[in-house]
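# generate a structure from the sequence data that follows.
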Amino acid sequence: MTSTAFPDGPFHGRPLVAALAVAALMLAAANLRGGIVVVGPLVEQIRQTLAISASAFSLLTTLPLICFGVISICVPALTRRWSPQVLAIGGLLLISLGVGLRLVDHYPVVLLGTLLLGAAIALLNVLIPGLVKAFFPRRVGLMTGLYSVTLSVGAGLGVFLAVPLMELFGSWRHPVALWALLPLFCLLFWLPMLRVRGVGRPSNPVRVSLWRDRLAWAITFYMGLQSFYFYSMATWLPKILLESGLDGHQAGTATALINLVSIPFNLFVPILAARMRDQRILVLGIFVASLSGLAGLWWQPAAAPMLWASLIGVGCGSSLSLALSFFVLRAANTAQATALSAMAQSIGYLLAAAGPATLGLMRDLGGAWQGALLLMMVLQFLQFGFGWYSARSAGVVADQDR
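Below you'll find the model as predicted:
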């Protein structure tokens, strides 16, 4: 199934409005990670201000992932009551509120803000693939690629700007506050989207259920396993390399490559996927890159750490972009795309939340990283199998369509 099978979107013949819609989608994507990751480089300053332990601080990064899993499944029900544009605006306001609460010198309030932030991001995570389908049905590959790139760039800026802004203004609150203000700026582009016709809440909303569809489950597990893979590697790769004898600078540079190398693949994989009826060759290439990187890390991590990290980055970036592409390429309409996105991201991020803890436990029990890396390689074979099934030229079938 390709995007060309669908009619023109609501911006046909209106290039200026289409450009405004592109800006709205990309600015929303830029806000989906920065408010979470910005606290990572500021850990010591925030811990001192709040007087909390390292385990208490870890909740500020793990709670959003749990929210992604729990809240995502509720989004299709919300779209039957409110239009996607209204929900997107509400999500941006909640991001601003959630990040703002994380500036308060009271840990319970910070946790509340973290929960609101995670819930808002989960809402937008699910909505955006459906909006891409509705706004640009003939450009789903390009728009999904741009969305993936913007997501990565937003996360990268959140980490990159954290310390310089703190040093410039003398407080960790300034880099965090930036991510409370940016969603409000996005509203300038989203408010005009309320006037776009043909995308709002249907007059007779129908509940779309994909829980009995095999293809939907395959896409769900592909999404889940690639999320497990990414968050596990992003968390533990520095530790693995440090224990192999590398210094902190080398370990940090190699870990940064995971995100840097993934950016061009974030863009081009969805474009290629949209032009293919069958994406199995992409699934195979992703599998080879990921397995090679993990095998090198398992065999001798210090031998070529930059190469291993680059291969892992290719696999992580490409698999995320392909999973996002499946949400729109395997759905017949916006309602199906939203339901598939909700199902896959709900289970996917719950799996992702368990990834770092699972690898850390295996390291503690085994005294080395070989067992944990072997598990990751085994899971790559499972991810490959689900991806192979998902990449066939087919579409999901909802219960009411059976």
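
# C-alpha only now, for contacts and for neighbours.
Will do.

# show me how far the helix or strand hosting Leu324 is from its chain's centre.
Secondary structure from DSSP states H and E places Leu324 in helix 305-329. The chain centre lies 11 Å from the centre of helix 305-329; the measure is Cα atoms, centre = their mean, to the nearest Å.

# for the stretch 251-400 of the chain, what spans make up the helices?
Remark: helices assigned in the stretch 251-400 of the chain by DSSP state H, counting those that start in this stretch are 280-299, 305-329, 334-366, 370-390.

# returning to that earlier point: angle of the helix holding Leu324 against helix 370-390?
Angle, helix 305-329 to helix 370-390, by axes from the mean of the first three to the mean of the last three Cα atoms, to 10 degrees: 30 degrees.

# helix 305-329 packs against which elements?
In terms of contacts (3 or more Cα pairs under 8 Å, 6 or more residues apart in numbering; DSSP states H and E), helix 305-329 is packed against helix 107-135, helix 140-160, helix 214-243, helix 248-275, helix 280-299, helix 334-366.

# wait, doesn't Trp388 sit right on Leu282?
No: in this structure Trp388 lies outside contact range of Leu282 using Cα atoms under 8 Å: 9.2 Å.

# hang on, the earlier thing: same question for the helix holding Leu324, mean pLDDT?
Helix 305-329 carries an average pLDDT of 94.

# now Ser148: how far from Gly141?
To Gly141, Ser148 is 11 Å away according to Cα to Cα, to the nearest Å.

# and the next helix or strand past the lowest-mean-pLDDT helix or strand in the chain?
Across the helices and strands of the chain, mean pLDDT, DSSP states H and E gives its lowest value to helix 54-72, namely a mean of 84. Counting by DSSP H and E, the element after helix 54-72 in chain order, helix or strand, is helix 75-79.

# packing partners of the helix or strand just after that next one?
Per DSSP H and E, the first helix or strand lying C-terminal to helix 75-79 is helix 84-101. Judged by 3+ Cα pairs under 8 Å, 6+ apart, the packing partners of helix 84-101 are helix 107-135, helix 173-190.

# so which of those helices gets nearest Pro41?
Ranking these by proximity to Pro41 (Cα to Cα) places helix 173-190 first, at 10.5 Å.

# present the helices and strands packed on helix 305-329 as a markdown table; the columns should include mean neighbour count, mean pLDDT and distance to Cys316.
Shown next, in a markdown table, are those (neighbours: other Cα atoms under 10 Å; pLDDT from 0 to 100; distance: least, Cα to Cα, whole Å):
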| stretch | mean neighbour count | mean pLDDT | distance to Cys316 |
| --- | --- | --- | --- |
| helix 107-135 | 25 | 93 | 18 |
| helix 140-160 | 23 | 88 | 11 |
| helix 214-243 | 22 | 91 | 6 |
| helix 248-275 | 21 | 87 | 7 |
| helix 280-299 | 19 | 97 | 7 |
| helix 334-366 | 22 | 88 | 13 |
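
# could I get those helices as CSV with distance to Arg80?
Below are those laid out as CSV (distance: least, Cα to Cα, whole Å):
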stretch, distance to Arg80
helix 107-135, 12
helix 140-160, 23
helix 214-243, 20
helix 248-275, 28
helix 280-299, 34
helix 334-366, 9
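
# quick one: closest of these to Ile312.
Nearest to Ile312, of all the helices and strands packed on helix 305-329, is helix 280-299, at 5.1 Å by Cα to Cα.

# this completes my enquiry, with thanks.
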